[in-house]
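Engineer: What follows is a predicted protein model with its sequence.
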Amino acid sequence: MSSTHALTKGVWITRLTETESHPLDAHADGVRGLSEEAFRAVYLALADELVSFAYGMVSDRRTAEDIVQQSFVELVQAAPRLRGEGKALKSWLYRSVRFGCMDEYRRRSRRREFPVEEVPDMPESPDPLATHLEADLERALGALNKRQRTVILLRHVAGLSGEEIAEILGSTRRAAYAVLARAEARLRSLLDGRDE
């Protein structure tokens with residue numbers, strides 16, 4: 001596996017070579033063939049990070065878990081028609097979760113509901129400073145628009161590359177990096193108290 005790194009307009013870009021394989025490559029054919037073992041392996045590999053991403057979008061743990069479960073149900077239905085290998089499979093799941101989050105936003109706007117402020121199964125932080133910082137970060141993320149929050153979570157929580165983010169958003173890598181740069185700048189200003 002090899003990659004090259006370049007600093008472009010203040011942003012580090014990592015380019016993967018064509019020969020680099022993805023950890024899910026070994027399961028892509030099994031998923032297309034509806035292998036229970038392949039689905040289990042993909043679920044174990046991605047479920048936690050997908051729930052973290054969805055939670056960052058909808059701010060409700062149970063809803064995030066439901067969205068991820070629904071995405072895997074949809075994967076079973078779409079599996080025979082999927083193209084590509086592990087990277088494409090991962091992008092498909094992130095895109096499905098993103099669409100599930102957008103559907104949740106639409107449902108909430110119709111019901112005029114706001115997210116419940118409970119986080120089950122999350123450890124309590126004994127450090128009051130850490131708790132304060134987490135609350136500030138959550139408020140700042142909530143102040144971002146949906147697209148900005150999406151790219152921040154995909155990059156900094158899920159650790160996806162610009163190319164993967166672009167594929168999930170259905171845009172170019174350059175456009176994804178531009179949105180990410182604006183989102184990071186806005187998040188910094190919110191956390192510094194400069195953006196009211």
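Structural biologist: Looks like it came in fine. Residues are numbered from 1 along each chain as shown.

Engineer: tell me the SS of G84?
Structural biologist: Three-state assignment for G84 (DSSP: H, G, I helix; E, B strand; the rest coil): coil.

Engineer: Help me confirm that E184 comes into contact with I152.
Structural biologist: Yes. The criterion here is C-beta atoms under 8 Å, and E184 meets it with I152 at 7.0 Å. Every residue, glycine included, has its C-beta placed from N, CA and C.

Engineer: What ranges in the protein fall below the confidence cut-off?
Structural biologist: Low-confidence segments of the chain, defined by pLDDT under 70, span residues 1-20, 111-133, 194-196.

Engineer: and S171, helix, strand or coil?
Structural biologist: coil.

Engineer: For I67, which three-state class applies?
Structural biologist: helix.

Engineer: Neighbours of the nearest residue to it once chain neighbours are set aside, how many?
Structural biologist: Using C-beta to C-beta, 6 or more residues apart in numbering and skipping the chain neighbours, the partner closest in space to I67 is G100 (3.8 Å). A count of neighbours around G100, defined by other C-beta atoms under 10 Å, yields 22.

Engineer: and G100, what does it touch?
Structural biologist: For G100, the contacting residues are A54, I67, V68, Q70, S71, taking C-beta atoms under 8 Å, 6 or more residues apart in numbering as the criterion.

Engineer: Which ChimeraX command selects the buried ones in these?
Structural biologist: Here is the ChimeraX command that selects only those of these that count as buried (16 or more other C-beta atoms under 10 Å):
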select :54,67,68,71
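
Engineer: okay if I get the contacts of G100 as a markdown table plus distance to Y43?
Structural biologist: As requested, the contacts of G100 are arranged in a markdown table below (distance: C-beta to C-beta, whole Å):
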| residue | distance to Y43 |
| --- | --- |
| A54 | 14 |
| I67 | 14 |
| V68 | 9 |
| Q70 | 13 |
| S71 | 10 |
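
Engineer: And the contacts of G100, which is closest to V179?
Structural biologist: Distance to V179, by C-beta to C-beta, is smallest for A54 among these, at 19.1 Å.

Engineer: Now that closest one: closest residue in space, sequence neighbours ignored.
Structural biologist: The nearest residue in space to A54 (C-beta to C-beta, 6+ apart) is A64, at 3.6 Å.

Engineer: Likewise for A78?
Structural biologist: Excluding its sequence neighbours, the residue lying closest to A78 (C-beta to C-beta, 6+ apart) is W92, at 7.5 Å.

Engineer: Report the buried residues of whichever strand or helix holds that neighbour.
Structural biologist: Under the criterion DSSP states H and E, the helix or strand holding W92 is helix 86-111. Of the residues in helix 86-111, those scored as buried under the neighbour-count criterion (16+ other C-beta under 10 Å) are 86-94, 96-98, 100-101, 104.
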